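Chemist: Quick one, structure for this:
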Amino acid sequence: AQALHTERSTDHKCPSNRMFKRLCKKLGETGSLVVRKNNRKNSVTSGGNKINFLAIVNRYLYISARQIEHQSRTSRSDALQPLARCKFHPNDINLHQKLHGIDLVNRVTFVQRGA
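Modeler: Numbers count the residues shown, from 1 in each chain. A predicted model of the protein is given here:
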C-alpha cells in the first residue's frame, strides 16, 4: 500500500509505515476507514432533568439523598450531581437560606439546631 501511494503521489511527502499499519489494522477491525461517531449516552442529569432535581429539593427542603434517588428513579450519584454543581446539599438548603440577611432569630435557631 505504501509503495503504491509513493508511485501515484510523487508531489508530496509519503506517509510513514506506522500510519499505513494503523489504517490496515482499522480496516481489518471495523471493515471501514470511516471515523466512527461516539455513541456515548448523554448524562441523566443534562438539560431539563437538572431543573427537575433542583425542583425536588426546593419543594422538599429536608429531603435526603436516598429519597431523591427513589423519587427520580436514578442512581444516587446521578441525582446528586446537579445539586453539587449548583452547590446545594440536601438537608442544608433551608438552613443556608435562613442565614442570609441580618435576622438574628434565624441565626440563633440555626445554631440551636446544629447543637
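Chemist: So which bits of the helix or strand residue 4 falls within are buried?
Modeler: For residue 4, the host element (DSSP states H and E) is helix 2-8. For helix 2-8, burial by neighbour count (16 or more other CB atoms under 10 Å) applies to no residue. For the C-beta atoms, the positions are set from N, CA and C on the backbone; glycine is no exception.
Chemist: for stretch 51-68, same thing?
Modeler: Neighbour-count burial for stretch 51-68 [16+ other CB under 10 Å]: 53, 54, 56, 57, 63, 68.
Chemist: Show me the strands in this protein, by range?
Modeler: Counting by DSSP state E, the chain has no strands at all.
Chemist: ok, longest helix in it?
Modeler: The helix spanning the most residues in the chain, taking DSSP state H as the definition, is helix 17-30.
Chemist: any chance you could map the helices in this protein?
Modeler: 2-8, 17-30, 48-59, 65-72, 76-85, 93-99, 104-114.
Chemist: quick revisit: packing partners of the longest helix of the chain?
Modeler: Packing partners of helix 17-30 (3 or more CB pairs under 8 Å, 6 or more residues apart in numbering; DSSP states H and E): helix 2-8.
Chemist: what pLDDT, on average, does the helix it packs on get?
Modeler: The pLDDT scores in helix 2-8 average 72.
Chemist: One more: stretch 23-43?
Modeler: 77.
Chemist: Check stretch 61-72 too.
Modeler: pLDDT averaged over stretch 61-72 gives 79.
Chemist: For that stretch, list the C-alpha coordinates in CSV.
Modeler: The C-alpha coordinates for stretch 61-72 follow below in CSV (Å, rounded to 0.1, in the frame of the first residue of the first chain):
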residue,chain,number,x,y,z
LEU,A,61,-36.3,21.1,51.9
TYR,A,62,-35.4,18.3,54.2
ILE,A,63,-35.2,15.5,51.6
SER,A,64,-32.4,13.0,51.9
ALA,A,65,-30.2,11.8,49.1
ARG,A,66,-31.8,8.4,49.3
GLN,A,67,-35.3,10.0,48.8
ILE,A,68,-34.1,12.0,45.8
GLU,A,69,-32.7,8.8,44.4
HIS,A,70,-36.0,7.0,44.9
GLN,A,71,-38.2,9.8,43.5
SER,A,72,-36.1,10.4,40.4
